[in-house]
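Asks: Sequence and predicted model, in that order:
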Number of protein chains: 2
Amino acid sequence: VEAGDRAQLTEWMEPLHPADIADLLEQISASDRRRLVQLYDREFDGDILSELDESIREEVIAALHPEILADAVRDLDSDDVVDLVEDMDAPQQAVILGALEDADRVAVQQALSYPEYSAGRLMQRETIAAPEHWTVGDAIDFMRNSTELPEQFYHVILVDPRMHPVGNVTLGKIMAAYRATPLRDLVEDMFQVIPATQDEADVAYAFNQYHLISAPVVDDEGRLVGVITIDDAMSVLDEEHEEDIMRLAGVHEESSLSDTIFEAAKGRALWLFVNLLTAILASLVIDMFAETINQMVALAVLMPIVASMGGNAGTQTMTVAVRALATRDLTAQNAMRVVVREMSVGALNGLVFGLLMALVAGFWFGVPMLAAVIGLAMLLTQISAALGGIVIPMFLDRMKIDPALASGPFVTTITDVVGFFAFLGLASWILL
Amino acid sequence: VEAGDRAQLTEWMEPLHPADIADLLEQISASDRRRLVQLYDREFDGDILSELDESIREEVIAALHPEILADAVRDLDSDDVVDLVEDMDAPQQAVILGALEDADRVAVQQALSYPEYSAGRLMQRETIAAPEHWTVGDAIDFMRNSTELPEQFYHVILVDPRMHPVGNVTLGKIMAAYRATPLRDLVEDMFQVIPATQDEADVAYAFNQYHLISAPVVDDEGRLVGVITIDDAMSVLDEEHEEDIMRLAGVHEESSLSDTIFEAAKGRALWLFVNLLTAILASLVIDMFAETINQMVALAVLMPIVASMGGNAGTQTMTVAVRALATRDLTAQNAMRVVVREMSVGALNGLVFGLLMALVAGFWFGVPMLAAVIGLAMLLTQISAALGGIVIPMFLDRMKIDPALASGPFVTTITDVVGFFAFLGLASWILL
């Protein structure tokens, strides 16, 4: 199909959803992408741009004719345009903004005036608000006479005379009620107002926790400035998860399969470098016991087991802690209980696996005291892994540092150092 | 507050959302929980049960009076009741089902007849369907005359005479149109029908990918049987993420902070056991070179660095691969390109960190050939870590095994074995 047949390509792409076209563009090679975009340009839809990964998006924008780009952008909702331009550099941003109609441009610029990752950036400005005293009939007539209703909306927002939101009425309730019913009688129990400066992660949390469908956004004075809908919150939740999972593994959170080799390597190098430092630190511990190892080479054979088991237990506890902090299940109220619990879990598994490993080492090397040493070292390492795995994320969270980002290196350092020190130290003390 | 003052407790809990009360119950100790539930029982809301973690939920149900439990359950939507009873054992399930009205009980039992984690379990049975030929006025009159409309609904589903869904009309469009407008003229472009047997993970993917708000669910014959709304899809997405993140870290995916110590230890023991086996395997490799280490103890000091860097790089690549498989960014089409890319990334970082580590080892031990050996071993380990990190998840996915669950042990085994083998093997070959 990429052989240059524009008509056939267009026909073939016709039934695809913009999100699928974006996925397709992400999966093919850069040269195929450029050709495809240029062949398909007459039909190019702004929604495809919204769905693209950032790195690819810039490439596609560069490949599009300015006029086609302008057409594509004009069709988008204002919140999608904000999403599109917020990471662009100034000249490219100016091109896109220049393509918009005046009203849209003002809306986009106003949204950009809110901090990055805030509710103000996420919201759509188009809302349906109604004075508190309106009836169902007033609302229906108002909507029938509006020329520009939002693409998607689920609630009519009741506002007081100062434009402060006071309640949500679902469209379903309005539809089922008689025209004379006051809207006030139909408001939902659950009503949350979101400040425009609130962090988008907190917005996603509120939607997920309280099963919100849409929520009004207000400015500093409490006046209605926009609305956030659940589909926006769902994307944010998805991104936050992606970020957590990537950060836990030490991969730059904006990495994607369409990065170049060099970008991808760079995105992972920082963590590898930190890991190198902690690994060298652990090696220094081993070096302290070089003489002991020289006298009993079995120690060198067994020591990675202690460290590896510790690292694993530490990662487990840390992941549980990071998740619990993100879902706000771990709070100041239950912190102490959770720490004690994790240490008990570590001690329990330390006992089980320490005993198991002691048996293995005993049979393998036939030195009972070596078996005792590795069992004891395993127990100590498991307990400290649990302690490090829970306390470090909690501490970083208290310091306002994302625990998913920074916990890993600290936890690994602790488990490696404790593991080697406990095993080799006990060995040199008991065995030699 | 837990001192027994029922009136004050009720007053204090009054403004809290059921989800917050559930969180509170999860965070306090078991004895406080029992007392709080018994004090608060008159006001106990079914939604609190829905929001609770499974392990806690059983405890709370046991603490509630049967009558209060029955009252609480009767207020719930049928999909919430399904969620509540699906993991219960038969006698407890019978108690809850017995408390329901006949129609609700049939609905719940029908939902339970669909496979676990399917769209049929997730959907709500209450839908608003309209014949294709209806007008806006017909729909409004129908809704005004209905006594039992669903709690939340966003679309009127158009159906043909055989009850096959043919289109969605948003309530907003209906509201803005005149009474004579045929519903057919207002249908949305984007319309996805979900088979009742579809896996809930695929449902969540479709909602996220196509920005769906609600989608009709159909049976084997294509007849409308229910509807899934975006808030259900959002919870599934959240659970899937939780599962991925927990499985990647080797923690049982249903673990929660409210598990007992014994449950928590058990939930992590499997992975620790697998890790023990792979660590012993790696130790066997070291044991093969015991003689070499005996001649040069510096090898024992440095070898954990090679393995640790390999393990890290493997985890990074594996996480990227698992995520890309979950989001369907990694497919059969681009598999080859991604494998080559990952290996190049591994080679690039292998070169950088191999060189760096060679310098460190050179200065540390003053043996140029040792420096060369560790540098080369690092390069080999980084490349094989990248290869293992990408190929293993892809292979498991092809075998229909969740890559998040099983990739870790395989990848670690590869990086450990290759790391120790490359470093010690090269050392015994070149240095001695």
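Replies: Nice, thanks for sending it over.
Asks: OK, contacts around A:L224?
Replies: The neighbourhood of A:L224, defined by CB atoms under 8 Å, 6 or more residues apart in numbering or on different chains, consists of A:T127, A:A129, A:I157, A:V159, A:M163, A:H164, A:P165, A:P216, A:V217, A:V218. Any C-beta I mention is one placed from the backbone N, CA and C, and that applies to glycine too.
Asks: Give me the buried positions along stretch A:255-268.
Replies: A:S255, A:S256, A:L257, A:S258, A:D259, A:I261, A:E263, A:A264, A:A265, A:K266, A:G267, A:R268 (16 or more other CB atoms under 10 Å in any protein chain shown).
Asks: what sits up against stretch A:80-92?
Replies: Here stretch A:80-92 has contacts from A:46-47, A:49-50, A:54, A:57-58, A:61, A:73, A:76, A:93, A:96-97, A:100, A:104, A:108, A:111-112, A:116, A:121, using CB under 8 Å, 6+ apart.
Asks: Could I get the average pLDDT for it?
Replies: Across stretch A:80-92, pLDDT averages out at 80.
Asks: That stretch: how far from the chain's middle?
Replies: 20 Å (CA atoms, centre = their mean, to the nearest Å).
Asks: Next: stretch A:210-228.
Replies: Using CA atoms, centre = their mean, the offset of stretch A:210-228 from its chain centre is 22 Å.
Asks: rewinding a little: kindly indicate which of the contacts of A:L224 lies nearest chain B.
Replies: A:T127 (12.0 Å; CB to the nearest CB).
Asks: what's near enough to touch the closest residue to that closest one other than its chain neighbours?
Replies: Once flanking residues are discounted, A:T127 sits nearest to A:V227: 4.6 Å by CB to CB, 6 or more residues apart in numbering or on different chains. Residues counted as contacts of A:V227 (CB under 8 Å, 6+ apart) are A:M123, A:Q124, A:E126, A:T127, A:P150, A:F153, A:H155, A:I157, A:S214, A:A215, A:P216, A:V217.
Asks: Please tell me how far A:V227 sits from A:P216.
Replies: 6 Å (CB to CB, to the nearest Å).
Asks: can you list residues touching both of these two?
Replies: A:T127, A:I157.
Asks: So A:G226 is in contact with A:M123, correct?
Replies: Yes - with contact defined as CB atoms under 8 Å, A:G226 counts as touching A:M123 (3.4 Å).
Asks: When these two are compared, which one has more neighbours?
Replies: The residue with more neighbours, out of A:G226 and A:M123, is A:M123; 28 against 24, by other CB atoms under 10 Å in any protein chain shown.
Asks: Can you read off the pLDDT for the more buried one?
Replies: 90.
Asks: could you pull out the strands for the stretch 51-200 of chain A?
Replies: Counting by DSSP state E, counting those that start in this stretch, the stretch 51-200 of chain A has strands at residues A:129-131, A:155-159, A:165-170, A:194-195.
Asks: So is the shortest one next to chain B?
Replies: No - on the criterion CB under 8 Å from any CB of the partner chain, strand A:194-195 is out of touch with chain B, staying 15.2 Å away.
Asks: cool, and stretch A:353-370?
Replies: Yes - counting by CB under 8 Å from any CB, chain B has neighbours in stretch A:353-370: A:F353, A:L356, A:M357, A:V360.
Asks: what about the second one, how many neighbours?
Replies: Pointing back at A:L356 there. A:L356: 15 neighbours (other CB under 10 Å).
Asks: can you give me the helices for the stretch 251-400 of chain A?
Replies: With helices called from DSSP state H, counting those that start in this stretch, the stretch 251-400 of chain A shows them at A:261-288, A:290-295, A:298-326, A:335-365, A:368-398.
Asks: Mean confidence (pLDDT) on the third one, please.
Replies: Here the mean pLDDT over helix A:298-326 is 91, rounded to a whole number.
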